[in-house]
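Engineer: Just a sequence and a predicted model for now, questions to come.
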Amino acid sequence: MNVITALDRVIPVPRLVEADHVDLAVSPRRAWEEIRHGDLGDAPLARALFLVRTLPDRIAHRGSGAALELRIDALHSSTESPGFQILADDGASELVVGAIGKVWHLTIPFVHVDGAEAFRTFGEPEFVKVAWALRVTPRGEHDSRVTLELRVDATDAESWGRFRRYFAMIGPGSRFVRRALFAALADRLGTPGSKERERPLAGDELLADAHAELTHGITIDARPAAIWPWLVQMGCGRAGFYSVDELDNGAARSAREIHPEWQRVRVGDVLRATPDGDDGFEVLALEPDRFLVLGGLYDADARQQRAFTAERPEHFWHVTWSFSLEVLDAATTRLHVRARAAFPANERVRVEWIRPVHHLMETAQLEHLAARAEGRLPPDDWRDVLSGLGGAAIMVAAFLTPFQRGARSHWGIDEALAARPYPGDDLVASPRWGWTHGIEIDAPAVEIWPWIAQLGADRGGFYSYQWLENLAGCGVRNAETVHDDWTLREGAFLRLHPEMPPLRVAALEEGRYFVAHAAPDEAARAAGRPWAEASWLFLLEPLGPARCRLVSRYRCATSDQVAMRLTMGVTFLEPVGFAMDRRMLLGVKSRAEETASSRPLRNLARRRRASAS
């Protein structure tokens, strides 16, 4: 819902609007007192505010000898001495100052009006109306935001044209003055970032004798509820830490999705810090959507973790790592992160080189967290590009070796199994070409089926060479987790590309197979025009209680026209299909096996509690 401000009532339909803001590390009440009643006369703040107040006159040198009295309380206009005046003041959070004049003159002829309503209705030709508002709003729990909004309107088109030419010259100076004003305010009162280290955060009390402390923060355009799931799933063997994965996650890519199976943690759980071993960060305190405090007590001699509250050994590292979410307004949140450490005196040298490393890692983590919470992760990263280049190389090799086409047509499965009948074969009874690929997966069908059932460019992707698919305009992102609302049903459509007709799911047996079909244009076939049809089967065959074979079977038939045989035929599509389908089967395998291996820990995603040695 749009809120009507005092400035809206003064200039409801402006021809020019410009706004600036600054966040201050003081309460709204303190900020209001400073800008509303304070003495703003010391440079450079004094000069900035005076220029904002009477910029045209200062450029024209009008009144240059007058003493500077730079209090908003001193702004007055009268019939004898017209100029800027206070048009609205709610006494707590917003004031509006305005003036009417021919500002393009060297000596500006101002017009006095009696109050905001007279200002709004003034319509005498050849004048512009200039008004600016200062607003103070709360910003989080401790801070405030000061906003200056400038609006300009003209009483006729000719006057507006004159103002536009005038403002083209003085506009940069006006903007500089406003920013200088805010810079002076920030220097005088401090900004939230500059004061962040001074504020208490959750977890500080758990390590009262810390010898070192580093605090970072980032403002995220999202509510805490959108940020919390990313925080709570951190840990090696889980979502990673969203930082420099090569350094802190065994080079495995940090999660790009929220994983439901990793959302439940409790105080006492240990989130692994490295891919090898069980030591990590003990969950010390948490309150959903507000704070998560991790920590650990590490015995340097025994090279093992103890319970955080255990007695410190002779050589130790005692650390906390706190993540606190502060609501700034309805759409933004400040994430504060603080690392604290206690250690013996002989470890101080090590701390000095840890500091820059931690700063690098923490800065990267916050930037990547913000990108995830705000939904602005790029679809592909360097891993996708590198993988795609490898896939392209496989396609080229396949294209150059047509004599290997027969062997490729049953990759991962023996020739006899590939030759047997399968569900859906009757849909394309006489294919011109096709493949039957297979892969064995160390997981039961119940763990594999959900990954297959969400295939599609508009669903979970194809777990293949994502970068190559997106180069072709597919717009996919390969899923990392199962999304129940993406499950295919019989009669639904399997979409391969946004601009291609989808394949209809012609048959489906839950947990076992589905076959998608692209029917031919029967009218075209009857008339002898080009046509094509295809079917694509995904079949699960149990090989034991915890092992399955996944079969991908593609069959394609086309008319005999050369153009159709080139565009839908084996020569060009088979090398591409082989590379992409092989990668897809491997992608399903890795996902399903990872899901199956984590099943015993899924309910709480718990690791062992740190215990005293």
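Structural biologist: Yep, that arrived.

Engineer: My guess is residue 512 contacts residue 539. True?
Structural biologist: Yes. Using C-beta atoms under 8 Å, residue 512 is in contact with residue 539, at 7.0 Å. Backbone N, C-alpha and C define where each C-beta goes, glycine included.

Engineer: between the two, which one's more packed in?
Structural biologist: Neighbour tally, residue 512 and residue 539, criterion other C-beta atoms under 10 Å: the higher count belongs to residue 539, 21 against 14.

Engineer: OK, contacts around that one?
Structural biologist: Taking C-beta atoms under 8 Å, 6 or more residues apart in numbering, we find residue 539 in contact with 422-423, 512-513, 550-551, 553.

Engineer: Apply 10 Å and report the result again.
Structural biologist: Counting by C-beta atoms under 10 Å, 6 or more residues apart in numbering, residue 539 touches 422-424, 436, 438, 452, 509, 512-515, 548-553.

Engineer: thinking again about what came up before, if I look at residue 512 and residue 539, which residues touch both of them?
Structural biologist: Common neighbours of residue 512 and residue 539 (C-beta under 10 Å, 6+ apart) are residue 423.

Engineer: Please flag which of the contacts of residue 539 sit within helices.
Structural biologist: Members of these lying in helices (criterion: DSSP state H): residue 452.

Engineer: What does the pLDDT read for the residue of the chain positioned farthest from its centre?
Structural biologist: Most distant residue from the mean C-alpha position of the chain: residue 80, 56.9 Å away (C-alpha atoms, centre = their mean). Note for residue 80: predicted pLDDT of 92.

Engineer: Assign a three-state SS to it, would you?
Structural biologist: coil (DSSP: H, G, I helix; E, B strand; the rest coil).

Engineer: now the one 3 residues further on
Structural biologist: Under the three-state scheme (three-state DSSP), residue 83 adopts coil.

Engineer: surely it meets residue 99?
Structural biologist: Yes. Taking contacts as C-beta atoms under 10 Å, residue 83 lies within contact range of residue 99: 5.7 Å.

Engineer: between the two, which one's more packed in?
Structural biologist: Between residue 83 and residue 99, counted using other C-beta under 10 Å, residue 99 has the larger neighbour count: 27 against 19.

Engineer: Could you pull up the contacting residues of the more buried one?
Structural biologist: Neighbour list for residue 99: 53-54, 56-57, 75, 77, 82-85, 87, 108, 110-113, 119, 128-132 [criterion: C-beta under 10 Å, 6+ apart].

Engineer: Among the residues you listed, name the ones in strands.
Structural biologist: Per DSSP state E, strands hold the following members of the contacts of residue 99: 85, 87, 110-111, 128-132.

Engineer: of those residues, closest to residue 478?
Structural biologist: residue 132 (50.7 Å; C-beta to C-beta).

Engineer: Tell me the secondary structure of the closest residue to that closest one other than its chain neighbours, please.
Structural biologist: Nearest non-adjacent residue to residue 132, counting by C-beta to C-beta, 6 or more residues apart in numbering: residue 150, 4.6 Å away. With three-state DSSP as the basis, residue 150 sits in strand.

Engineer: Among the contacts of residue 539, which ones are in strands?
Structural biologist: Of the contacts of residue 539, the ones assigned to strands by DSSP E are 436, 438, 509, 513-515, 548-553.

Engineer: Could you save those residues as JSON lines and add columns showing pLDDT?
Structural biologist: Shown next, in JSON lines, are the ones in strands among the contacts of residue 539 (pLDDT from 0 to 100):
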{"residue": "436", "pLDDT": "98"}
{"residue": "438", "pLDDT": "98"}
{"residue": "509", "pLDDT": "97"}
{"residue": "513", "pLDDT": "98"}
{"residue": "514", "pLDDT": "98"}
{"residue": "515", "pLDDT": "98"}
{"residue": "548", "pLDDT": "97"}
{"residue": "549", "pLDDT": "98"}
{"residue": "550", "pLDDT": "98"}
{"residue": "551", "pLDDT": "98"}
{"residue": "552", "pLDDT": "98"}
{"residue": "553", "pLDDT": "98"}
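
Engineer: Restrict those residues to the buried ones and give me that as a ChimeraX selection.
Structural biologist: Command for ChimeraX, covering only those of the ones in strands among the contacts of residue 539 found buried under the criterion 16 or more other C-beta atoms under 10 Å:
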select :436,438,513,514,515,548,549,550,551,552,553
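
Engineer: out of the ones in strands among the contacts of residue 539, who's nearest residue 363?
Structural biologist: Of the ones in strands among the contacts of residue 539, the one sitting nearest to residue 363 (C-beta to C-beta) turns out to be residue 550, at 41.9 Å.

Engineer: what are the bridge partners for the closest one, then?
Structural biologist: Judged by DSSP bridges, the bridge partners of residue 550 are residue 439, residue 540.

Engineer: In contact with it, which residues?
Structural biologist: Contacts of residue 550 by C-beta under 10 Å, 6+ apart are 412-413, 437-441, 443, 445, 448-449, 451-452, 513, 538-541, 584-585, 588-589, 592.

Engineer: Please spell out the PyMOL selection for the buried subset of those residues.
Structural biologist: Buried subset of the contacts of residue 550, written as a PyMOL selection, criterion 16+ other C-beta under 10 Å:
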select buried, resi 412+413+437+438+439+441+443+445+448+449+451+452+513+538+539+540+584+585+588+589+592
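
Engineer: low-scoring stretches of this structure, by residue?
Structural biologist: Residues of the chain meeting the criterion pLDDT under 70: 1-2, 39-70, 598-613.

Engineer: Now do the domain split for it, please.
Structural biologist: Domain assignment for the chain by automatic domain parsing gives 6-192, 200-373, 382-599.

Engineer: Which strands and helices lie in contact with the helix ranked longest in the chain?
Structural biologist: Once the chain is assigned using DSSP H, the helix that runs over the most residues is helix 157-189. Where contact means 3 or more C-beta pairs under 10 Å, 6 or more residues apart in numbering; DSSP states H and E, helix 157-189 is packed against strand 16-24, helix 28-37, helix 45-59, strand 128-139, strand 143-154, helix 192-195.

Engineer: Among the ones you listed, which comes closest to residue 397?
Structural biologist: Taking the helices and strands packed on helix 157-189 one by one with C-beta to C-beta, helix 192-195 is closest: 53.2 Å.
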